[in-house]
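**Q** sequence plus predicted model, see below.
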Amino acid sequence: MAFFKKFQNSLKKIVLDEDLEDEDFSQENISYTEEDLKRKFQEGYKAAKKEIEAKKKLEAKKELEAKKAVEAKKAVEAKKAVEAKKAVEAKKKLEAKKVSNYSKSKTKNFIISKTKMSILLIEDDRDMRDLMARHLEHSGFDVQKAEDGIKGQALALQYSPELILLDLMLPSVDGLTLCQRLKRDERTSNIPILMITALGGLKDKVTGFNSRADDYITKPFDLEELHVRIKTLLRRTNRAQLNSSNQQEILNYGPLTLVPERFEAIWFESPVRLTHLEFELLHCLLQRHGQTVSPALILKEVWGYEPDDDIETIRVHIRHLRTKLEPDPRKPIYIKTVYGAGYCLELPIGSQVETARQEFIQARAHLREF
């Protein structure tokens with residue numbers, strides 16, 4: 001009741017203030033009944049209540065929207081977290097796959113490097129170099145390429161290939177000089193060298209063999225012929241088991257002993273270093289001691305190809321052998337030429353060996369004096 005009275009007085013004051021603004025009314029002329037006040041109170045109460053309810057609804061709506069926004073944000077963050085986790089797992093799988101592939105690749109390359117025979121191709125003509133390299137790689141070889149003598153020598157020292165294909169005419173360092181350098185270097189002296197050149201004259205071939213090249217092929221040549229020459233050189237040097245299953249052995253007759261694993265001859269109890277071709281040629285003659293061996297048979301057995309016009313090739317290496325084994329290379333008594341037929345190896349045996357040894361030592365001492 002006290003609240004009602006207080007409200008009534010406040011209402012009277014508000015109405016009075018409003019009515020006094022009109023000059024036709026005064027305070028004495030204003031009178032309100034209790035019913036008017038109750039009615040106005042109820043109207044004001046309802047309006048206030050309605051306003052409070054609307055405000056509560058608005059606040060509830062805002063709170064609900066805020067809650068939904070928080071939940072939506074959490075859902076987005078959770079989705080991002082899941083996607084990030086999946087991305088990390090996918091990255092880990094990819095890295096694991098890369099590591100696995102790399103490991104397989106390294107293992108494969110290691111196996112290949114252990115099974116493939118390596119060849120160093122030194123050729124300045126790019127088209128020729130690429131053509132030969134493709135053919136050799138297709139044939140199962142691992143090929144290193146160089147376009148000049150300086151790079152070729154560096155690769156020979158770095159990779160120690162099973163065989164070197166060397167062009168004669170090279171920039172910087174020519175093929176003959178490089179061949180001599182490689183044969184003088186202990187790290188590369190045992191690597192067989194196949195000389196390749198457009199110079200096919202007899203003098204050119206002799207010069208090539210004098211530089212200690214193991215074989216010589218003249219441009220233009222058939223790639224199949226090149227392949228045969230390579231296989232023959234590799235077989236001959238025991239650096240590959242391409243066409244041979246023979247075990248290494250030591251052969252001896254009289255004052256001569258052959259040591260295949262070192263390409264060496266023990267001659268009158270002294271070691272004599274031979275090139276691969278010299279060793280194979282001497283081995284061929286020794287297997288037929290006392291017999292005449294035809295040039296055709298020598299070419300086929302030592303060089304690995306059918307007889308052709310390379311008879312001079314045999315003569316060059318026979319000359320080299322005589323220089324190393326004969327008391328007087330100009331008058332050979334052990335490696336004899338059978339004119340029109342071939343060559344024959346005849347060695348002393350028994351009691352003749354000591355006499356022959358003394359003659360050899362004396363003759364060599366006499367040659368050194370001149």
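**A** Alright, I've got the coordinates.

**Q** what's the local residue count around Cys284?
**A** 17 (other C-beta atoms under 10 Å). (Each C-beta comes from the backbone N, C-alpha and C, glycine too.)

**Q** surely it touches Pro295?
**A** No: the pair Cys284 / Pro295 is not scored as a contact, 11.1 Å apart, by C-beta atoms under 8 Å.

**Q** buried residues, stretch 344-361. List them.
**A** Cys344, Leu345, Leu347, Pro348, Val353, Ala356, Arg357, Phe360 (16 or more other C-beta atoms under 10 Å).

**Q** can you redo the residues you listed as a markdown table with secondary structure?
**A** Formatted as a markdown table, the buried residues of stretch 344-361 follow (DSSP: H, G, I helix; E, B strand; the rest coil):
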| residue | secondary structure |
| --- | --- |
| Cys344 | strand |
| Leu345 | strand |
| Leu347 | coil |
| Pro348 | coil |
| Val353 | helix |
| Ala356 | helix |
| Arg357 | helix |
| Phe360 | helix |
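
**Q** got these as a markdown table, with pLDDT columns?
**A** Formatted as a markdown table, the buried residues of stretch 344-361 follow (pLDDT from 0 to 100):
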| residue | pLDDT |
| --- | --- |
| Cys344 | 94 |
| Leu345 | 93 |
| Leu347 | 91 |
| Pro348 | 90 |
| Val353 | 87 |
| Ala356 | 88 |
| Arg357 | 87 |
| Phe360 | 86 |
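
**Q** how close does Arg330 sit to Glu137?
**A** Per C-beta to C-beta, to the nearest Å, Arg330 is found 47 Å from Glu137.

**Q** neighbour count winner among these two?
**A** Between Arg330 and Glu137, Glu137 has the larger neighbour count (other C-beta under 10 Å), namely 13 against 8.

**Q** for the strand or helix carrying the more buried one, what is the average pLDDT?
**A** Glu137 is located in helix 126-138, with elements delineated by DSSP states H and E. Averaged across helix 126-138, the pLDDT comes to 91.

**Q** which two from the buried residues of stretch 344-361 end up farthest apart in space?
**A** Cys344 and Arg357 (21.1 Å; C-beta to C-beta).

**Q** Arg319: which of the buried residues of stretch 344-361 is nearest?
**A** Leu345 (14.8 Å).

**Q** state the distance from the closest one to Thr188.
**A** Counting by C-beta to C-beta - Leu345 and Thr188 are separated by 30 Å.

**Q** before we move on, what about Lys38?
**A** 125 Å.

**Q** which one's more surrounded, those two?
**A** With neighbours defined as other C-beta under 10 Å, Lys38 and Thr188 compare such that Thr188 has more, 18 against 12.

**Q** in terms of helix, strand or coil, where does the more buried one fall?
**A** coil.

**Q** could you check how far it is from Arg129?
**A** 20 Å.

**Q** what's the answer for Glu43, then?
**A** Applying C-beta to C-beta to Glu43 and Arg129 gives a distance of 109 Å.

**Q** so the two - more neighbours on which side?
**A** Arg129 (19 against 10).
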